[in-house]
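S.K.: next comes the sequence, and after it the predicted model I'd like to discuss.
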Amino acid sequence: MPQINILSPHTADLIAAGEVVERPASVVKELIENSIDAGAKNITIEVSAGGMGSICIKDDGHGMSPEDAGIAFLRHATSKIVDESSLESIATLGFRGEALAAISAVSKIELQTRERGCGTGTLISLTAGDIDSMRPVGCPVGTSMKIDSLFFNTPARLKFMKSDKAEGSACLNAAMRCAMGHPEISMRMYRDGQELFFTPGDGSIKSAVYSILGREIAMNILEVSSVGDGISVSGFVSAPHAGRGNRSLQFFFVNGRAFKSVMLQTALENAFKNTLLTGRFPTCALYINLDYGKVDVNVHPTKQEVKFSEEKKVFDAVYYAILASLGGEEKTAEISLSASTQTAVTPQKDFYKRMPASEYRSSFQATAKSYPNYQLRESSATYNTSHVVAKPDLGDLNVLFSGEGKAPSATAESAPPAPAIDAFAQTPYRIIGEAMATYIIVEREGELILIDKHAAHERIIFDSLKAQPGNIMCQALLVPETFTPSARVLDILTDNAVELKKCGYEFEIIGTGSVIIRALPADTTGTGAAALEEIAEKLMGNIKTDLRDVILHTTACKAAIKAGKSSDPQELERVAEKVMSGDVRYCPHGRPVSVCLTKKELDKQFMRIV
């Protein structure tokens, strides 16, 4: 009995459709690319029910004649290439002639199109790839295509579709990539009647970034521009301090085509080595342009993968273009001494209480009497001192003792009472000042301690928020803050509004997507829109985590005193006190908040000792 069956053309079309049309987002991508190839200057995208209800793409491109419209939905019907020689240098986004055939095979379509220069247009209705009707119609120049009932005749594919919200987000992502790849085209997208984004089509990458990704990202980007060896690289990367928790906003384009590339992702992240914290990733929109014949886009039916004939050259071009951009930022940075650093160089009489060296040594000796193995170093310098706070903690006692790092046996004459005493709290120290508007410099007997003021303050705020049982206390804003996030951020804020309110954020969504913030967690100035956008970004990766901790981490980070900005002495003293008392040792992300340099280590650096 024969085992091999020859499939019907209809079944073959359904199988082919599965390769090209994976989900509604695939339809959005293919139709937008057709509009771009048609020379459109304005494109409108409308989806309902996540694209499973309907998808409508309208453009003002050159349109189609009645003859072309009649055959456009046949397999391998295309206006992009003529023969096999055309595959050697593909200059258009589409070329296979499969997309419309695949889409029509699994949906119901209504097409209106009018070729430029023609007095009337053409209206065609199709069901499962078969033309139901075709007639003249009055319509604008360009093409409008409406897709209904996607996958109505392929229940096997239909049951694997996700929720309307998830499919709608995928449609948004597909449209975003097309809009980012072509800032010279104005694109507007609606979902269930609500506008998600609008790009002006002015050709400016920054305009597209601002419109699609939001103000916060657009204000923290560095321009990338490099030309050489037949390859040009342009676009932007995020500044090092604006790293994100995932790679979702990394966009790569070659000759205007969006594609995915592990190679270029590696080039990007290698260029950022030693500038980003572990676990943070740069944002980018990088546009690579080179000879069409040196890139093969005919690799996969979805055209999201490409191959370069000279991969190393492309890798190097991207890598060094980004390095140049990052280097340019460093060269243009203004270097100046903070007020507190100047104070350290030229001490002010009223900055901290001053005492002679002998009094400083006496105060330390009084503390050290309980620890006979500790050797006090002599000094003739004049010291400042700060007040002392006692905290029960044995964690740092080792630093006070010689030998095996264990406290000496208690005796009637030398041992302290039973309760533990923190070594930092019992050791006088002085705050020298602030370096680089980032680090607090503290001197303790025989040591210099450098404290990252932002990291330490962030932990102080986080612990304070975390200690509040139940809902976080909020503080109403005298003047509500308004901002317009990207559509994806808006979705996440909406989904997590209840938990955000428990954590002190009260806001409401108005109009077509603007957010009014009415209250913030108490005593966390400087959070607001920036904090909400960052919280949403951290949740985009769909990583299962403690939502409350994510919110509190971000709130603390945004509210903490900022590195790079000078702080007043009282702020420095409060932060240093928490660190020196042993209350704060790590930031909420696990990084140490201080480092210690001993006199011995410094002596070695200056070759005073070997």
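M.R.: Structure received. Everything numeric here is computed off the predicted structure, so don't read it as measured data.

S.K.: ok, and what's touching the longest helix out of those in the chain?
M.R.: In the chain, with assignment by DSSP state H, the single longest helix is helix 311-332. With CB atoms under 8 Å, 6 or more residues apart in numbering as the test, helix 311-332 has contacts from 222-226, 228-229, 231, 233, 237, 239-240, 263-264, 266-268, 270-272, 275, 284, 286, 288, 290, 308. Where you see a C-beta, it was placed from the backbone N, CA and C, and this is true even at glycine.

S.K.: secondary structure element holding Leu450?
M.R.: strand 447-452 (DSSP states H and E).

S.K.: go through that strand and flag the buried ones.
M.R.: Neighbour counts over strand 447-452 (16 or more other CB atoms under 10 Å) mark Glu447, Leu448, Ile449, Leu450, Ile451, Asp452 as buried.

S.K.: just the element for Ile509, please.
M.R.: Ile509 belongs to strand 506-510, assigned by DSSP H and E.

S.K.: what does that strand rub up against?
M.R.: 474, 476, 490, 493-494, 497, 500, 515-519, 532.

S.K.: got the angle for the helix or strand just after that strand vs strand 506-510?
M.R.: Using DSSP H and E, the helix or strand that follows strand 506-510 in sequence is strand 514-521. Interaxial angle, strand 514-521 versus strand 506-510 (axes from the mean of the first three to the mean of the last three CA atoms, to 10 degrees): 180 degrees.

S.K.: quick one: strands adjacent to strand 514-521?
M.R.: strand 474-483 (antiparallel), strand 506-510 (antiparallel) (DSSP bridges).

S.K.: nearest to Ile131, out of those strands?
M.R.: Across those, Ile131 has its closest neighbour in strand 506-510 (43.4 Å, CB to CB).

S.K.: can I get the closest one in PDB, CA atoms only?
M.R.: Extracted C-alpha coordinates of strand 506-510, given in PDB (Å, rounded to 0.1, in the frame of the first residue of the first chain):
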ATOM      1  CA  GLU A 506      -1.200  56.500  43.700                       C
ATOM      2  CA  PHE A 507      -1.900  57.400  40.000                       C
ATOM      3  CA  GLU A 508      -4.700  57.400  37.400                       C
ATOM      4  CA  ILE A 509      -4.700  57.000  33.600                       C
ATOM      5  CA  ILE A 510      -6.400  59.700  31.600                       C
END
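
S.K.: tell me the average confidence for it?
M.R.: Strand 506-510 shows a mean pLDDT of 90.

S.K.: cool, and stretch 321-333?
M.R.: pLDDT averaged over stretch 321-333 gives 69.

S.K.: isn't Pro485 right up against Ala531?
M.R.: No - with contact defined as CB atoms under 8 Å, Pro485 does not count as touching Ala531 (11.9 Å).

S.K.: now do the strands in the stretch 51-200 of the chain.
M.R.: 54-59, 108-114, 121-127, 130-137, 142-148, 186-191, 194-198 (DSSP state E, counting those that start in this stretch).

S.K.: tabulate these in a markdown table, adding columns for mean neighbour count.
M.R.: Listed next are those as a markdown table, based on neighbours: other CB atoms under 10 Å:
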| stretch | mean neighbour count |
| --- | --- |
| strand 54-59 | 22 |
| strand 108-114 | 22 |
| strand 121-127 | 20 |
| strand 130-137 | 12 |
| strand 142-148 | 22 |
| strand 186-191 | 22 |
| strand 194-198 | 18 |
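
S.K.: now render those as TSV, adding distance to Tyr505 and mean pLDDT.
M.R.: Converted to TSV, these look like this (distance: least, CB to CB, whole Å; pLDDT from 0 to 100):
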stretch	distance to Tyr505	mean pLDDT
strand 54-59	34	96
strand 108-114	44	95
strand 121-127	49	95
strand 130-137	51	94
strand 142-148	39	96
strand 186-191	24	95
strand 194-198	22	92
